[in-house]
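1. Structure, please.
(chains A and B)
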Amino acid sequence: MPKEGITTRAQDYAQWYLDIVEKADMADYSPVRGCMVIKPLGYALWENIQRELDRRIKETGHQNAYFPLFIPMSFLTKEAEHVEGFAPEVAIVTKGGGEDLAEPLVVRPTSEAIIGHSFARWVHSWRDLPLLINQWANVVRWEMRTRPFLRTTEFLWQEGHTVHATEAEAEEETLKILHEVYADFVEKEMALPVLRGRKTDREKFAGALRTYAIEAMMQDGRALQAGTSHNLGQNFAKAFDIKYTTADNREEYGWTTSWGVSTRLIGALIMAHSDDEGLIAPPRLAPVQVVIVPIYRSDAERALVMEAVDRLTREWSGRFRLKVDDRPQLTPGFKYNEWEVKGVPLRVEVGPRDVTQGTAAVARRDVPGKAGKAFVPQAGLADHLAALLEEIQRSLYERALRFREEHTREVSSYDELKEAIETGFARAYWDGSDADEGLIQHETRATIRVIPLEQPEKAGRCVLTGRETTQQVIFARAY
RNA sequence: CGGGGUGUGGCGCAGUCCGGUAGCGCACUCGGUUUGGGACCGAGUGGUCGCCAGUUCGAAUCUGGCCACCCCGACCA
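-> Next up is the predicted model:
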């Protein structure tokens, strides 16, 4: 049954997304344009995302630290490409304590500059390297057009910043983050398959040597950049004077990297898995994994049912993130709908009939309606639920992967490319220039999302120029 | 920054053309009956109609100005 107040995906995908955010109660608008209030459900998702990412970031040897919100204006201008890229979208503080500041302060749009300054003070010797730091922070970018989670003026993220002795080590770090932290997290925890690849020069980070990214496909066939990892070369080391002395007493600039993912991931999670009924949260990140709805008429039945619920859940302690919805005066049907909109993966119903029969009704969020509901024995219920949560996690991933495969076409002509990007990704041989890419963007609104790391063995002809090349790229419209 | 739209109880809207005591649905509060797919009945609370100025005996409604937000595009995690 379509839920009240949720536009269907078929009607208007963009409006559907906004409706899900609102009806699932994940975020609210704020008095400041483009800024968003993250409500408890949205924030609980973020906390779970943080926990899993933070674990991977630490397992790969990084430590958390925190750097200031304000950056002296002059710092931002030290790296030429960097300032050019970010200047149009920074917020600037010119007054403090009622006085004009001697130097305006930029509210960080990203922290390469302020962290670069610190790193220059921290790094002296080859023994100080590699320096592997991460911070969880908010940043501000004055965007023209905003959308909850996908693009907001202020957003939350993590940004890793590292310094290495050699170019090869910096490159290794950049790719390690891409694979072992970002792709691993998004595929395993978010149940969302990603394409891994390099960005073209047009799309790379301002000031980077090379940018790598993971790209995911949303249910409307558009691409969403889920994370980026930059090899900054020596650009920032030179701008901020990050130098070290080698083992044979030579002075060298360090090689730096930076990488980040943001609350945008919540937007990706919503758009990739949810349906016209509401949010579908992947079990591994769902703030509530199992909701129990007790059903009763009289006080006597209530006592009976609640006793069974208490007995069951006592045995589950710690196994699930669990919610017992014993709110009085609300009908079971109302509760089913509410938890469906909020994306809880499993619902367990326990009523008088179940108490007598030793059963419970279990409903899967990812399989709507009767098809996803079954009466199962109370004995062994916890194991059954645990298995179902894993099954849902796997099923969501496979569904998203199948969708991406069905909406990805190999194209060999510009006409085919134009057609393919209407519904999904276009994989094409490419030997064009930056200007050619700009032309295609102008004509089709599609851009090269990634140059996939996995490339074909044999050569083909560039979709635009017709020149022979071995390089394939992915074109798509992006969020 | 261009284009479109909207500002009226917490939310969604009607009323504006044609000026005359601000209304509906949901939500909320209280009482009762209900509860296996969004319960029902009854009684209530709540709004200087985005802001400023003007016209008028009288403005949500007419005139002028301003502001804000949303949606669609170009720029971007």
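
2. I'd say A:M190 and A:P283 touch.
-> No. Contact between A:M190 and A:P283 fails when scored by Cβ atoms under 8 Å: they sit 10.9 Å apart. Bear in mind the C-beta positions are built from the backbone N, C-alpha and C, glycine included.

3. So which residues of the stretch 251-400 of chain A form strands?
-> In the stretch 251-400 of chain A, the segments counted as strands under DSSP state E, counting those that start in this stretch are A:251-253, A:255-262, A:290-294, A:322-324, A:346-350, A:359-364, A:373-377.

4. Switch those strands over to TSV; also include distance to A:P456.
-> Formatted as TSV, the strands of the stretch 251-400 of chain A follow (distance: least, Cβ to Cβ, whole Å):
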stretch	distance to A:P456
strand A:251-253	37
strand A:255-262	27
strand A:290-294	45
strand A:322-324	48
strand A:346-350	42
strand A:359-364	39
strand A:373-377	45
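
5. what's the most buried one of those strands?
-> A comparison of these by mean neighbour count, using mean count of other Cβ atoms under 10 Å, puts strand A:255-262 on top with a mean of 26.

6. Strand partners (parallel or antiparallel) of that one?
-> strand A:154-164 (antiparallel), strand A:223-233 (antiparallel) (DSSP bridges).

7. Would you mind finding the most buried of the ones you listed?
-> strand A:223-233 (a mean of 25).

8. That one and RNA strand B, any residue contact?
-> Yes. Using Cβ under 7 Å from any atom of the strand, strand A:223-233 reaches RNA strand B at A:Q225, A:A226, A:G227, A:T228.

9. sorry, back to before: got the strands paired with strand A:255-262 as TSV, with mean pLDDT columns?
-> What follows is the strands paired with strand A:255-262, written out as TSV (pLDDT from 0 to 100):
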stretch	mean pLDDT
strand A:154-164	96
strand A:223-233	96
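
10. follow-up on the earlier one: make TSV from the strands of the stretch 251-400 of chain A and add mean pLDDT to it.
-> Below are the strands of the stretch 251-400 of chain A laid out as TSV (pLDDT from 0 to 100):
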stretch	mean pLDDT
strand A:251-253	97
strand A:255-262	97
strand A:290-294	97
strand A:322-324	95
strand A:346-350	97
strand A:359-364	97
strand A:373-377	96
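
11. mind checking which of those strands is nearest A:Y17?
-> Of all those, strand A:255-262 sits nearest to A:Y17, with 16.8 Å by Cβ to Cβ.

12. which residues touch that closest one?
-> Strand A:255-262 is contacted from outside by A:53, A:110, A:112, A:116, A:119, A:155-167, A:169-170, A:173-174, A:177-178, A:181-182, A:205, A:208, A:226-234, A:236-237, A:242, using Cβ atoms under 8 Å, 6 or more residues apart in numbering.

13. Does that strand reach RNA strand B?
-> Yes. For strand A:255-262, a contact with RNA strand B is found by Cβ under 7 Å from any atom of the strand, at A:G260, A:S262.

14. Also stretch A:315-328?
-> Yes. With Cβ under 7 Å from any atom of the strand as the criterion, RNA strand B is reached by stretch A:315-328 at A:P328.

15. Endpoints of that stretch, how far apart?
-> Taking Cα to Cα, to the nearest Å, stretch A:315-328 runs 24 Å from one end to the other.

16. Could I get the buried residue list for that stretch?
-> A:F320, A:R321, A:L322, A:K323, A:V324, A:D325 (16 or more other Cβ atoms under 10 Å).
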